[in-house]
Structures are given as structure tokens and as C-alpha cells.
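Visitor: With the input below, show me the fold.
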Amino acid sequence: MSKVMVLAGYGLNCEEETLHAFEHAGLTGVIRHINDLIENPQELNDVQILAVPGGFSYGDDTGSGNAFAQKMKLALWDHLKRFVERDTLTIGICNGCQILTNLGLAPPTGHDYGERLVAVTYNLTARYQCRWIDLKIQPNNSPWLAGVRSLHVPVAHGEGRFMMEPGTLKTLQKNNQVALTYVKPDGQPANGEFPFNPNGSTVDIAGITDPTGRVLAVMPHPERGMFTWQRDDYDRLKDKAQRNGQKLPLESDGMALFRNAAAYFEISKKKTA
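Guide: Numbers count the residues shown, from 1 in each chain. Now for the predicted structure:
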């Protein structure tokens, strides 16, 4: 059974629910403080999935995710690089997304990890945005998003706007590394319109991958949209189901990513069996 490591420490605050999502999908895992991992980086050899969860590491005082990323790069870079070059999965959610982009684990356009090509910066509203949004899954090769077409999940951030040079954007689009974009409830592109695009992100980007698709950096929170009863429209869905004599499913959109992570290693096992 594949093992997950969820990082914690210095203001990351979504580690419990992130691990719960993986465990609900049938995986085993641990929460590890970043200092403990630095003390024993060989632990990365024993896990197949690394998750950097949301929060406000170091109070975002030097820019969201920057200080935590620098700590990881200075103390763990060689180990992290070897980890992502193995047949592993890595996800960064919200603050974790900012950390992965600052590290240059996503979205390098080659396998030269470590080059920061994207900034995740202040929302155009200049306000913290906490709301449910709709996402369209763009063509991509990410195991995290296999078979997923759309998501209805929350965002909660003050710095979620993806920005990059035009050449970088063109390359990411060509390589199918722009994996998730904000859309309106009817599925039409948000085209930067608030609140459908909650931060003004370039071409409505909500998440990107590395070239392999195994590293996913995503600003919305799938772990906060695991179950139907968490949804902002739960009352309407429940009422409609009762009127039609139907039963609502337990799981909601966000759980798909965690189930895909579990399925990825089951498929890998079958291929090597």
C-alpha cells in the first residue's frame, strides 16, 4: 500500500484534513514536521506521495510560500529532486502550491527542476478570497486528474494569481501543463471576471503541473470539498434528491484527486506484476 507524507510546521494548517483525504481513499500516511524531515531526509525514500498542504507558512511575511520554500531548498533540495525524479506523486495545495512554484518543482518546462518560472502573487481584489468556485480540467497528462472533467471546490487565499512571462505561458499551454482553469457555473471560461476567477490569474489558471504531470500545484482546496455535505449548495442538492427519491453520494468532487493518487500506484503495481 502506498504511503503518503504530509508536511507540517511554521503555519501550514491543513495537514490533518489532507491526510484524512488520502486515508479515505485507502492510503496510509504520516504527518511530518519539516524539521523532522530535515533531520531524517531518508524518510522520503519510504514514501510514494508527498503533499504540501495549505496554510500561511511563516505568516506569508516574505511572500506566500517563499520562506518555507527557501527552507526546503537549502536543507532538502537534493533529496526532493531525487524524490520527484522517481515514480512518485507530489501535490501542493494553496500555500503548498505557492511553495512548489517557489521551489521550481512546478512548472519547469524540462526536467531541470529548481528554476522558478511562475509567480503566485496578490489577488487583483487586494482582498483575501474564501469562496466556492468552478474549475475546468484542461487536457493534461497528470495522474492526479485522470478522468476528471470539472471540479466544484473552495478557494481560500490572498495570493493566488498566477503570473509568468508570455513565452513561459505559451510553453505551458503547448505542453498541456496548464491543468485547471477557473470557469463560470455553466462551464464557460471565466475570462478573468470576478468572482468566477477569484484572483485575476493569467488566462484563469488555477493549477499547473510539471512536464510529467506527477507534480501538481493547485490553488483551490480539494481536501475541503471531499464530501457532499461540505458543499456550499448542499441544501439545494439534498432537497432535490429528497424530492426525486434519490440518495446523495457521500463523496464530492475533491475526493477524485486522492482516489486517483491511490489508483496510480495500484495500476503501477499491476504493470510490474
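Visitor: residues touching Lys184, list them.
Guide: Asp134, Ala190, Glu193, Phe196 (C-beta atoms under 8 Å, 6 or more residues apart in numbering). C-betas here are computed from N, CA, C, even on glycine.
Visitor: My error: substitute Glu23 in the last question.
Guide: Taking C-beta under 8 Å, 6+ apart as the test, what Glu23 contacts is Gly29.
Visitor: Would you mind measuring from it to Ala241?
Guide: 27 Å (C-beta to C-beta, to the nearest Å).
Visitor: residue contacts, Met226?
Guide: Glu17, His20, Ala21, His24, Glu251, Ser252, Gly254, Met255, Phe258.
Visitor: how many other residues sit next to the first one?
Guide: By the criterion of other C-beta atoms under 10 Å, Glu17 has 15 neighbours.
Visitor: Tell me how far it lies from Tyr122.
Guide: 26 Å.
Visitor: do the same with the fourth one
Guide: Using C-beta to C-beta, one obtains 34 Å as the distance from His24 to Tyr122.
Visitor: confidence score at Ser2?
Guide: Here, the pLDDT recorded for Ser2 equals 72.
Visitor: who's in contact with it?
Guide: Applying C-beta under 8 Å, 6+ apart, the residues near Ser2 are Leu27, Thr28, Gln48, Ile49, Ala261, Ala262, Phe265.
Visitor: Report how many residues lie close to Pro185.
Guide: Pro185 - counted by other C-beta under 10 Å - has 11 other residues nearby.
Visitor: I misspoke; the intended subject was Pro222.
Guide: Neighbours of Pro222 using other C-beta under 10 Å come to 26.
Visitor: coming back round to it: out of the contacts of Lys184, which are inside strands?
Guide: Among the contacts of Lys184, the members found in strands (DSSP state E) are Asp134.
Visitor: ok, which pair from the contacts of Lys184 is furthest apart?
Guide: Within those, Asp134 and Glu193 form the most distant pair, 12.3 Å apart (C-beta to C-beta).
Visitor: Neighbour count: those two, which is higher?
Guide: Asp134 (21 against 13).
Visitor: How about Pro211, nearest residue that isn't a chain neighbour?
Guide: Nearest residue to Pro211, sequence neighbours excluded (C-beta to C-beta, 6 or more residues apart in numbering): Asn175, at 6.0 Å.
Visitor: just Val153 next, same as before
Guide: For Val153, the spatially nearest residue (C-beta to C-beta, 6+ apart) is Gly225, at 3.7 Å.
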